[in-house]
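S.K.: structure of the sequence below:
(4 chains)
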Number of protein chains: 2
Amino acid sequence: MAGLKQVQRQTGVALWRQIADRIREAISSGAYDETGMVPPETVLALQFGVNRHTVRSALAALAQEGIVRAVQGRGTLIERKERLNFPITRRTRFTAGIGDQAREMRGLLLDEAKEEASAEIARWLGLKPGEQVIRLETLRQADKRPVSRATSWFPAERFAGIGEAYRTGESITKAFAELGLPDYVRATTEVTAAHASAADMADLELTPGAILLIAKAMNTDLEGVPVQYSISRFAADRVQFTIEN
Amino acid sequence: MAGLKQVQRQTGVALWRQIADRIREAISSGAYDETGMVPPETVLALQFGVNRHTVRSALAALAQEGIVRAVQGRGTLIERKERLNFPITRRTRFTAGIGDQAREMRGLLLDEAKEEASAEIARWLGLKPGEQVIRLETLRQADKRPVSRATSWFPAERFAGIGEAYRTGESITKAFAELGLPDYVRATTEVTAAHASAADMADLELTPGAILLIAKAMNTDLEGVPVQYSISRFAADRVQFTIEN
DNA sequence: TATGGTTGTCTATATCAATAGACATTTTGA
DNA sequence: TCAAAATGTCTATTGATATAGACAACCATA
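M.R.: Reported below is the predicted structural model:
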């Protein structure tokens, strides 16, 4: 399991942050499932080869994130530890994909705009650059916990009113259905990773240094005509993607 | 493009490192392709709202990575900027997948061991826990630049000698072929992201704070019998995954 | 060849990060 | 009820980080 060995000194990233990352990882890998607690501060300090105060800074950061809760005299309890699985297939849908892994799924519309397609968007949607597209900024939550922040583009002519449909249905699938598109398929998905920007940190309730999994996806209708291009930014410590071939 | 606006103060990560990350991203997004140079230090300092010395620390780190090169009197030149695309399909192969994006592809065998399958490995390979498996530690390079570090497990009985076959062939596909398995398919792939460990930083020539894309993959033969389970760790700034459905 | 724009170097100061040690406070269980 | 084990708080010191200003060195070009 997570070999909690010595940390090596790295410039530019505070030791307590590196240690916080290591402990967070150990927690989510289930290393402390037996006790439901993090080892005592003195033990962690010894394992990582740092001062106890440094470990305390790390644990304070994790407490701030809501991952652990310290109780004087008892120890430091682990609060949460789930990682949602997100299957990527031809029938990928965010809400259904998460399925029974969470009780309540919501999609919130943060912003809507009609704009001219950039060269890249036009290419993905099979339009000419400058044609009208609707851009939706959405935030997706699983049990009130933010999971991803997405920017989606739709051909404006075909999907007029999709913003309102999304706002009421709280999912792309329902919005498409309301606009007369009962079914669609995932054509391509590109996955990369990056550090979270300040804006994404705020929306996804992340802390500095957090990682994003970025999925650029294109959906088509059953005839293969592009209906949506989206760039979704997932909190990397809350999800994993599964590709079944 | 990459809106190089003010950085917001984040505890635990040095400002110069955050700025280095932002500039690296801007470079790889092609923001400075016209000039082939990063803007002057004074301009960057103004854009980010920090002191010029802080920008200099960031640029020094990027120079250390080989991404930029400062020339006194002229400016700071951009050295490299490629991101390899790695398609994930039923026929995913590392070497062929990279294909024409690099001239020379190599797979180096770092370590080989015969061991008992853990519960997880056994599950993936369809074995009983404790059955013998062969574990290979490999490093994959594109044009001498390390791209990924992988740990792979194979059923020991069926693939005895795969270590030697990999060492000479420098690819899994060739090693399989040599052992009488001319073809195989990718069954499942799970993608996550995490910070690089010290060991991976060394092997992949990464700098502190670097991100990994982690792909856990299972390959089967044409009858659907598992032949390989692997955990590959990619330098996130050097690759992207593409899933075509 | 002179000038403006650029990177390189130096000094100084304030704040943050990390270590070190001591002791208080709380919980659990013998 | 006491002792052990755990987290909480305080003081002090050192080195890394960030800002500020000034000037040197170098390059391109008008």
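S.K.: mark out where each domain of chain A begins and ends.
M.R.: A:15-78, A:84-243 (automatic domain parsing).
S.K.: end-to-end on the last one?
M.R.: What that stands for is domain A:84-243. Length of domain A:84-243, first residue to last, Cα to Cα, to the nearest Å: 14 Å.
S.K.: hmm, that domain touching chain B?
M.R.: Yes. Applying Cβ under 8 Å from any Cβ of the partner chain, one finds domain A:84-243 in contact with chain B at A:85, A:88-90, A:92, A:185-195, A:198, A:208-209, A:211-213, A:236, A:239-243. Using the backbone N, CA and C atoms, a C-beta is placed for each residue, glycine as well.
S.K.: before we move on, back to that, quick one, which of the domains of chain A is nearest to B:Arg52?
M.R.: Closest approach to B:Arg52 among these is made by domain A:84-243 (21.7 Å; Cβ to Cβ).
S.K.: related to what we said a few turns ago, relative to B:Thr35, which of the domains of chain A is closest?
M.R.: Between B:Thr35 and these, the tightest spacing by Cβ to Cβ is seen for domain A:84-243, at 20.3 Å.
S.K.: correct me if wrong: A:Ile19 contacts A:Ala60.
M.R.: No. Between A:Ile19 and A:Ala60 there is no contact under Cβ atoms under 8 Å: 11.2 Å.
S.K.: those two - which one has more neighbours?
M.R.: Legend: neighbour count by other Cβ atoms under 10 Å in any protein chain shown for A:Ile19 and A:Ala60, higher for A:Ile19 (24 against 14).
S.K.: which other helices and strands contact the host helix or strand of A:Ile134?
M.R.: Element membership for A:Ile134 (DSSP states H and E) is strand A:132-142. Applying 3 or more Cβ pairs under 8 Å, 6 or more residues apart in numbering or on different chains; DSSP states H and E, one finds that strand A:132-142 makes contact with strand A:105-116, strand A:145-155, helix A:162-169.
S.K.: contacts for the shortest one, please.
M.R.: This means helix A:162-169. A:107, A:109, A:112, A:134, A:136, A:138, A:154, A:172, A:174-179 (Cβ atoms under 8 Å, 6 or more residues apart in numbering or on different chains).
S.K.: can you list those in JSON lines and add distance to A:Gln228 and pLDDT?
M.R.: As requested, those are arranged in JSON lines below (distance: Cβ to Cβ, whole Å; pLDDT from 0 to 100):
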{"residue": "A:Gly107", "distance to A:Gln228": "13", "pLDDT": "91"}
{"residue": "A:Leu109", "distance to A:Gln228": "15", "pLDDT": "95"}
{"residue": "A:Glu112", "distance to A:Gln228": "14", "pLDDT": "95"}
{"residue": "A:Ile134", "distance to A:Gln228": "10", "pLDDT": "97"}
{"residue": "A:Leu136", "distance to A:Gln228": "9", "pLDDT": "97"}
{"residue": "A:Thr138", "distance to A:Gln228": "12", "pLDDT": "96"}
{"residue": "A:Phe154", "distance to A:Gln228": "6", "pLDDT": "97"}
{"residue": "A:Ile172", "distance to A:Gln228": "7", "pLDDT": "93"}
{"residue": "A:Lys174", "distance to A:Gln228": "14", "pLDDT": "92"}
{"residue": "A:Ala175", "distance to A:Gln228": "10", "pLDDT": "94"}
{"residue": "A:Phe176", "distance to A:Gln228": "8", "pLDDT": "95"}
{"residue": "A:Ala177", "distance to A:Gln228": "13", "pLDDT": "93"}
{"residue": "A:Glu178", "distance to A:Gln228": "14", "pLDDT": "93"}
{"residue": "A:Leu179", "distance to A:Gln228": "12", "pLDDT": "94"}
